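Enquirer: got a sequence here, can you build the structure:
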Amino acid sequence: MALPDTACAMQQAWRYGAAVQAMGGAVHRAEIWDGGRFLGLAQVLVRRAGPLRLGWLSRGPVWHDRPGDARAALHALRRALPQPGPRLLLSMSEDRVPGVLPLVTPVCMAEVALAPEPATMRARLHQKWRNRLVRAEASGLKVTVTAASGADMDWLLALDGAQARARGYRRLPPAFLAAWTACKGPPPYLFTARLKGDPVAAMLFLDHAPGATYHLGWNGPQGRALSAHHLLLWRAMRYFARNTRRRLDLGALDTVTAPGLARFKLGTGAQARWLGPTALVPPWRRERPCAVNETAAMLAAPFSVTDDH
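Expert: This next block holds a predicted model:
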């Protein structure tokens, strides 16, 4: 079944699950039905924790027709996990779901709504951000866009790894990028800014229709002086909008430990959107006798990646 147009989060893209499976992880997919009414889809990563089977539902379910009782759908999803033994489900939904047990405070994401007309997106830029972009456009920087693979990414991964160690931030392991690249679908896109032929900054994006996600990047001293990342991100916004992507995910906003980065993301006109908290779907909660069966009957789907994903 095809993902709906609202499925812009990378964590619910079929290809994300395929990459996790290629790394040795277990993935469970399910359709959510209310009788003959299709409600939505969910992709759950499943891990063993001793005798327990722990499901992790990130940025889902993706609703086609959201029910009045989303909690019942999560309870049904927990019961539908295929592994034997006790099953727990952790969920970080796109918005708040009542009746779950919060464990970790919500995360705020920066999301750029892409528009086919560049003028529409440019009008949303904050004035200081737009000024830096204008200077970058006049700086002599040359931007290339390439379908990245192998050696094209090795140098950027090395530089990003050094940045992560120096600044103390976490990132997805390089093995994930390799697994993603090996799965069927568009390649990662590498946007590189060069000055007199030498790279001074780069940004790597993952394409997962109908959305796209910033994955990693690097900015050298010359790139910072010339606002190269403003130019690269603007070119990426135009590129993905031209290719009918609806949203560009710039990752979490952290105004406490990385206020400058948060201002950079919001300067694009990105919306700050709070997700639901990381929460436990409590297995001990008693539901109304027929709420799960009638509101969210689950049909487990075999793991597969079809051409239209």
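Enquirer: just the CA atoms of stretch 118-135, as CSV, please.
Expert: In CSV, the C-alpha atoms belonging to stretch 118-135 read as follows (Å, rounded to 0.1, in the frame of the first residue of the first chain):
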residue,chain,number,x,y,z
PRO,A,118,11.1,30.0,-5.5
ALA,A,119,9.7,33.5,-4.9
THR,A,120,7.2,32.1,-2.3
MET,A,121,10.0,30.4,-0.3
ARG,A,122,12.3,33.4,-0.7
ALA,A,123,9.7,35.6,0.8
ARG,A,124,9.5,33.4,3.9
LEU,A,125,13.3,33.8,4.6
HIS,A,126,14.1,36.0,7.6
GLN,A,127,15.7,39.3,6.7
LYS,A,128,19.2,38.5,8.1
TRP,A,129,19.1,35.1,6.6
ARG,A,130,18.2,36.5,3.2
ASN,A,131,21.0,39.1,3.5
ARG,A,132,23.5,36.4,4.1
LEU,A,133,22.2,34.4,1.2
VAL,A,134,22.5,37.5,-1.1
ARG,A,135,26.1,37.9,0.0
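Enquirer: now do the buried residues in that stretch.
Expert: Neighbour counts over stretch 118-135 (16 or more other CB atoms under 10 Å) mark 121, 124, 125, 129, 130, 132, 133 as buried. All C-beta spots, glycine's among them, are computed from the backbone N, C-alpha and C.
Enquirer: now, those residues that are in helices?
Expert: Of those, the ones assigned to helices by DSSP state H are 121, 124, 129, 130, 132, 133.
Enquirer: closest to residue 71 among those?
Expert: Relative to residue 71, the closest of these is residue 124; by CB to CB it sits at 35.4 Å.
Enquirer: once you drop chain neighbours, what's closest to that closest one?
Expert: In space, and not counting its chain neighbours, residue 124 is closest to residue 269: 2.9 Å by CB to CB, 6 or more residues apart in numbering.
Enquirer: neighbours of the one you found, just the number please.
Expert: Number of residues near residue 269 (other CB atoms under 10 Å) recorded here: 19.
Enquirer: and it, its phi and psi?
Expert: Main-chain torsions, residue 269, degrees, to the nearest 10: phi 90, psi 10.
Enquirer: contacting residues around it?
Expert: The contact partners of residue 269, by CB atoms under 8 Å, 6 or more residues apart in numbering, come to 112, 113, 121, 124, 125, 126.
Enquirer: if I look at it, how far off is residue 219?
Expert: Distance, residue 269 to residue 219, using CB to CB, to the nearest Å: 21 Å.
Enquirer: what are the contacting residues of the longest helix along the chain?
Expert: The longest helix of the chain (DSSP H) is helix 151-167. Residues from elsewhere that reach helix 151-167, judged by CB under 8 Å, 6+ apart: 146, 148, 169-171, 174, 177, 181, 188, 190, 202, 204, 216-218.
Enquirer: pull the most distant pair out of these.
Expert: Spatially, the most separated pair among the contacts of helix 151-167 is 146 and 170, at 26.7 Å (CB to CB).
Enquirer: re the thing from before, show the average pLDDT along the longest helix of the chain.
Expert: The average pLDDT for helix 151-167 rounds to 83.
Enquirer: what comes up buried for that helix?
Expert: 152, 153, 156, 157, 159, 160, 163.
Enquirer: looking at residue 146 and residue 170, which one has more neighbours?
Expert: Taking other CB under 10 Å, residue 146 and residue 170 do not tie; residue 146 has more neighbours (13 against 6).
Enquirer: ok, now which ones touch the more buried one?
Expert: 152, 189, 190, 192.
Enquirer: wait, which of those is closest to residue 141?
Expert: Closest approach between those and residue 141, by CB to CB: residue 192, at 9.9 Å.
Enquirer: measure the closest residue to the closest one other than its chain neighbours to residue 219 for me?
Expert: Excluding its sequence neighbours, the residue lying closest to residue 192 (CB to CB, 6+ apart) is residue 202, at 4.6 Å. Distance from residue 202 to residue 219, counting by CB to CB: 8 Å.
Enquirer: who has more neighbours out of the two?
Expert: When residue 202 and residue 219 are compared for neighbours, residue 202 comes out ahead with 28 against 20, by other CB under 10 Å.
Enquirer: tell me which helix or strand the more buried one sits in.
Expert: Secondary structure from DSSP states H and E places residue 202 in strand 198-208.
Enquirer: which strands and helices lie in contact with that strand?
Expert: Contact analysis of strand 198-208 by 3 or more CB pairs under 8 Å, 6 or more residues apart in numbering; DSSP states H and E lists helix 151-167, strand 189-195, strand 211-219, helix 221-225, helix 228-242 as its packing neighbours.
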